[in-house]
Every structure is written in structure tokens, then in C-alpha cells.
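> Next one to model:
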Amino acid sequence: MRTGPHVRLAEWVVIVTFVVMVVVTVAQVAGRYVFSYSLPWADELARYCLVWMVFIGMVVAFARGAHITADLLRERYHGRIGLVMLTVIDVANAALFIALLYGGMLLVQIAATQMTPGLGISKSWIYAALPLGAVLMLWELVRQIIARFRNPGLPDVTGPSEAPPPAL
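Numbers count the residues shown, from 1 in each chain. Below you'll find the predicted structure:
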């Protein structure tokens, strides 16, 4: 599968945030139960890593086709009509991603003056995952649309019924 640099960046962000979340959580558990000392910022950092993992990881899932989809339109229509139906789905996805981008930007602005209690950083840094994820999703959606119209014979355009039957 060919992916763009935005998906590779998202994969690395997911990997790094996951590793940080696991290491911090293990350190917190070990500190609490072995040394009777807990890190005051550990659960907060793990939670914020999870937020970034979700909103940036959605790009990776979208690029790999792992998101839940409404296949009714895609499976029912084939050929040119199937291409139109996929475009309708893409427009709906774009509207959702634009709404996430707009709402995320508002959230970042609202949270600009709020500080996290444990880490002492602006909450805007945490909420920035939402608009960043939305921008990356839009980028991937545009990439997929361009690829679909450059190669209209791809399997996701023709649908599963036009594929040759599996050999028995």
C-alpha cells in the first residue's frame, strides 16, 4: 500500500505516543506499588498521549481502509454510478473533517489560557490533536480522490461483484 508522508508522520506520532504512554504508566504503577511514590503528572501525560494517539491514529486507520464504512452505496452501484456514489461518500467525509477542523480550532482557542494541573502546559497543546488530525484526514481524503479519478478501475470503485470469483 502506498501512503503519503502525512500517513508516515501519523504512524510515528502514534508509535511515540504509545511508547510514552506505556512507559509512563508502568513507571507510575511500579513507583506506586514498589516504592510507595507516585508521579504527580504520570496519569495526565498518559491520558494526553491517548488523546493524540486517537486523533492522529485515525489518519492511519483511514489510509489503510480500517475505518467503519457504510458500504451500502459502494456495494450496490458499480462503474460510473459507483464512482459517483463514492464521491458522495467523500463529500460527506470532507464535511465531517471540516467540522472537526473548525470545532477543534475553536477548542484550541478556548483552551489557550487553561493550564494542565500536573504538567503545567497549555491545554491548547492537548486539544491541537483534533484540528491536526482533521487536516491530515482531509489530506488523505484528497489523495484518495485524486488516485481514484486517475485510476477509475481500482477495486474500491468497481465494487466487489465485478471482481472475478475466487478459484475453488
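
> Where do the helices of the protein begin and end?
Using DSSP state H, the helices assigned to the chain run over residues 5-34, 42-64, 72-76, 79-110, 123-127, 129-150, 155-158.

> Redo those as TSV? Include distance to Pro117 and mean pLDDT.
For every residue, glycine as well, the C-beta is placed using N, CA and C. Listed next are these as TSV, based on distance: least, CB to CB, whole Å; pLDDT from 0 to 100:
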stretch	distance to Pro117	mean pLDDT
helix 5-34	16	93
helix 42-64	7	93
helix 72-76	46	71
helix 79-110	18	90
helix 123-127	10	94
helix 129-150	19	91
helix 155-158	46	44
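
> need those in TSV with distance to Thr116 and mean neighbour count, can you?
TSV is the format used below for these (distance: least, CB to CB, whole Å; neighbours: other CB atoms under 10 Å):
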stretch	distance to Thr116	mean neighbour count
helix 5-34	14	15
helix 42-64	6	20
helix 72-76	42	14
helix 79-110	14	15
helix 123-127	6	19
helix 129-150	14	18
helix 155-158	42	14
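
> quick one: Pro5 from Leu136, how far?
According to CB to CB, to the nearest Å, Pro5 and Leu136 sit 10 Å apart.

> before we move on, what about Ala30?
According to CB to CB, Ala30 and Leu136 sit 35 Å apart.

> Not counting sequence-adjacent ones, nearest residue to the spatially most central residue of the chain?
Central residue of the chain (CA atoms, centre = their mean): Met58, 1.6 Å from the mean position. Once flanking residues are discounted, Met58 sits nearest to Gly133: 5.7 Å by CB to CB, 6 or more residues apart in numbering.

> Would you mind confirming that the one you found is in contact with Leu100?
Yes - using CB atoms under 8 Å, Gly133 is in contact with Leu100, at 7.3 Å.

> Many thanks, we can stop here.
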